[in-house]
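Chemist: Need coordinates for the below:
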Amino acid sequence: MIRRLIFELRYLREKTPWDTGISPPELLKYLAVSSPGHALDLGCGTGTNAITMTQHGWQVIGVDLSALAIGTARRNAHQAGLEIDFKREDVTRLASIEGPFDFVLDIGCFHSLSSTGQQNYLQNIARVLKPGGAYLIYTWLVGEGDSSSMALTEADISTLFEPYFEIHSFERGTEGHRTSAWYQMIRKPQ
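Modeler: Residues are numbered from 1 along each chain as shown. Below you'll find the predicted structure:
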């Protein structure tokens with residue numbers, strides 16, 4: 001409940017640095033080499049990436065905790081002449097999401113969750129992503145001098161994700177003063 005209110009206030013005050021309105025090159029690279037299918041955009045914000053995926057032929061469901069973000073995403077998709085299913089949903093529950101999906105995208109959602117939330121999130125992703133399906137995640141990593149409670153270590157990535165996913169590729173980067181990474185993972189057979 002508190003998390004939801006925090007995100008509503010951030011969208012109300014337009015203090016959403018994660019919602020740039022530009023799809024990242026890592027997503028565009030994935031879309032360029034992948035056949036369209038069913039995609040789930042976790043923490044979709046105002047719909048930028050869901051719109052990009054739909055324009056590349058994907059059938060997309062976008063979920064976000066913020067009602068304000070979802071309302072804006074629906075308007076943005078309508079203005080682009082696209083039909084996208086946007087749902088107000090908690091990524092740790094995904095109660096209204098069935099799957100199976102060929103692709104799941106998460107740009108900065110996972111690292112903002114509590115450890116219990118992360119476990120629930122992963123179990124739900126494993127439930128809705130088909131075996132062999134792709135999962136692209138952008139997250140913060142612990143870097144030099146970084147004491148953020150939201151940043152993950154590479155050991156965290158292995159421990160948390162390996163029961164469900166095989167890491168296909170990894171690209172380290174920076175976002176401002178933070179160490180970050182893009183991981184592309186493949187859902188392991190059940």
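Chemist: Every contact and neighbour count from this point should use C-alpha atoms.
Modeler: OK.
Chemist: So which residues of this structure form strands?
Modeler: Listed in chain order, the strands of the chain (DSSP state E) span 38-42, 59-64, 85-88, 101-107, 129-141, 165-175, 178-187.
Chemist: I'd like those strands written out as TSV, with mean pLDDT, distance to residue 155 and mean neighbour count added.
Modeler: Converted to TSV, the strands of the chain look like this (pLDDT from 0 to 100; distance: least, Cα to Cα, whole Å; neighbours: other Cα atoms under 10 Å):
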stretch	mean pLDDT	distance to residue 155	mean neighbour count
strand 38-42	98	23	24
strand 59-64	97	28	25
strand 85-88	97	32	20
strand 101-107	97	19	22
strand 129-141	94	10	22
strand 165-175	89	13	14
strand 178-187	91	13	20
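Chemist: between these, which gets nearest to residue 156?
Modeler: Closest approach to residue 156 among the strands of the chain is made by strand 129-141 (9.4 Å; Cα to Cα).
Chemist: packing partners for the closest one?
Modeler: Counting contacts by 3 or more Cα pairs under 8 Å, 6 or more residues apart in numbering; DSSP states H and E, strand 129-141 packs against strand 101-107, strand 178-187.
Chemist: Not counting the first one itself, show me its contacts.
Modeler: Identification of contacts with strand 101-107 by Cα atoms under 8 Å, 6 or more residues apart in numbering yields 37-43, 125, 128-130, 132-139.
Chemist: ok so, going back, using TSV, lay out the helices and strands packed on strand 129-141 together with distance to residue 75.
Modeler: Shown next, in TSV, are the helices and strands packed on strand 129-141 (distance: least, Cα to Cα, whole Å):
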stretch	distance to residue 75
strand 101-107	21
strand 178-187	29
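Chemist: Looking at the ones you listed, which is nearest to residue 170?
Modeler: strand 178-187 (4.6 Å).
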